[in-house]
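J.: Return atomic coordinates for the entry below.
(chains A and B)
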Protein chains: 2
Amino acid sequence: MNKSPVDLASAYRLLNPGPVVIVSVAAGERDNLFTVTWNMPAAKDPPAVVLLSGRGHFSLPFIERTGEFAINVPDVSLADAVYGCGTTSGRAVTDKFGRFGLTRQPAMKIGAPLVAEAVANLECRVEVIHDVLGSALIVARVVAAQACNEHVIDGQWSFDHGLQLLHHLSGRRFCSSGAEHVVR
Amino acid sequence: MNKSPVDLASAYRLLNPGPVVIVSVAAGERDNLFTVTWNMPAAKDPPAVVLLSGRGHFSLPFIERTGEFAINVPDVSLADAVYGCGTTSGRAVTDKFGRFGLTRQPAMKIGAPLVAEAVANLECRVEVIHDVLGSALIVARVVAAQACNEHVIDGQWSFDHGLQLLHHLSGRRFCSSGAEHVVR
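T.: Numbering: from 1, shown residues only, chains lettered A, B, ... in the order given. Purely as a prediction, here's the structure:
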């Protein structure tokens, strides 16, 4: 998959349609992946995101310690990996990339590896973590972004070549978005 | 459209796939509608949601004063109303229901009216408002929920009868989700 950098002012658009995402983290030799349904943009330019993590989550200390993580946006072809990354703990699976057939791609500005198979990647640095109802609401700036040349054109999702984004319903159930609607 | 109450433990699922929503507010005789792309669940049971609002937003004082609002989940047939509610201010349009062809439906537990044409409605009471990068991150409990009998079955979205949820890309561009994927 050929990817190109996405202008930071357009990066929030990569999360605008509400896809489920795979978050990647790393500290030293160890990395991990986990699935996050509850994520959203938090600012356009400069771009920021928020995502919610349980306090006992295996990867949260990686994020607290390094202040960095990446958001990897899957298309529908990665549904099995999305489900797998969301239903296994890094405590039990030491290499989720290998376990779920994903490839590490070096990030541009952070230490955590990106998921090469994802159609878009956002590199993030933590701004602040709020407590929200006992969970950690992570507020982060997007410091770099890249996306698949075929499916993101001029910083906009394009559905002209069969892109289907993945959205989580519950458990094993997902739905996909692929049809574009333009309001006149 | 026939709707039934949704069990509170299932209410978070109505927002899980990341749809764009129309938020309704009211204070005294005046009500208003505005579109929110940046929303997500924040807890499952008891259910909570978060949404982000600009500090200068016309409707924010309604929410701060009453502590209440409703989230109305549109399907693709409401794309024009979603765009309209998101691109007009309550300062200029005093009746967005009338302006965009929407019908008020009394809520069960809050004062703000629901959008009758929405396929799901979540009635919310504010828990706390955090400042996130200069915007208001509204954390709220869901106190009641209802959804269209045809498209929400046993507290789960069903795509068996042609449901297409609406997701915001940017500006006038939306995409819809309608195909279900079940991971085996």
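J.: need the strands for chain A, in chain order.
T.: With strands called from DSSP state E, chain A shows them at A:3-5, A:21-27, A:30-36, A:39-43, A:48-53, A:68-73, A:104-105, A:114-115, A:120-132, A:135-148, A:152-153, A:156-157, A:165-170, A:173-182.
J.: Out of those, the one nearest residue A:87 is which?
T.: Nearest of the strands of chain A to residue A:87, taken as Cβ to Cβ: strand A:30-36 at 8.0 Å. From N, CA and C alone the C-beta is placed, and that goes for glycine too.
J.: Looking at chain A, which helix is longest?
T.: The helix spanning the most residues in chain A, taking DSSP state H as the definition, is helix A:79-87.
J.: Dump the strands of chain A to TSV, plus distance to chain B, mean pLDDT and mean neighbour count.
T.: Listed next are the strands of chain A as TSV, based on distance: least, Cβ to the nearest Cβ, whole Å; pLDDT from 0 to 100; neighbours: other Cβ atoms under 10 Å in any protein chain shown:
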stretch	distance to chain B	mean pLDDT	mean neighbour count
strand A:3-5	18	98	14
strand A:21-27	10	97	25
strand A:30-36	10	98	21
strand A:39-43	5	98	22
strand A:48-53	6	98	23
strand A:68-73	12	98	27
strand A:104-105	23	98	18
strand A:114-115	17	98	27
strand A:120-132	5	98	20
strand A:135-148	6	98	22
strand A:152-153	11	98	18
strand A:156-157	5	98	22
strand A:165-170	4	97	23
strand A:173-182	4	93	20
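J.: Residue nearest the middle of chain A, spatially speaking?
T.: Taking Cα atoms, centre = their mean, the centroid of chain A lies closest to residue A:71, which sits 2.4 Å from it.
J.: didn't it look like it was pressed against residue A:19?
T.: No - if you go by Cβ atoms under 8 Å, residue A:71 and residue A:19 don't touch, sitting 9.6 Å apart.
J.: What about the closest residue to chain B within chain A, how many residues nearby?
T.: Using Cβ to the nearest Cβ, the closest approach of chain A to chain B is made by residue A:18 at 1.6 Å. Burial of residue A:18 is recorded as 29 neighbouring residues (other Cβ atoms under 10 Å in any protein chain shown).
J.: And for residue A:134?
T.: 8.
J.: list the contacts for it?
T.: Residues near residue A:134 by Cβ atoms under 8 Å, 6 or more residues apart in numbering or on different chains: A:55, B:43.
J.: Next, work out how far apart it and residue B:58 are.
T.: Here residue A:134 is placed at a distance of 32 Å from residue B:58 (Cβ to Cβ, to the nearest Å).
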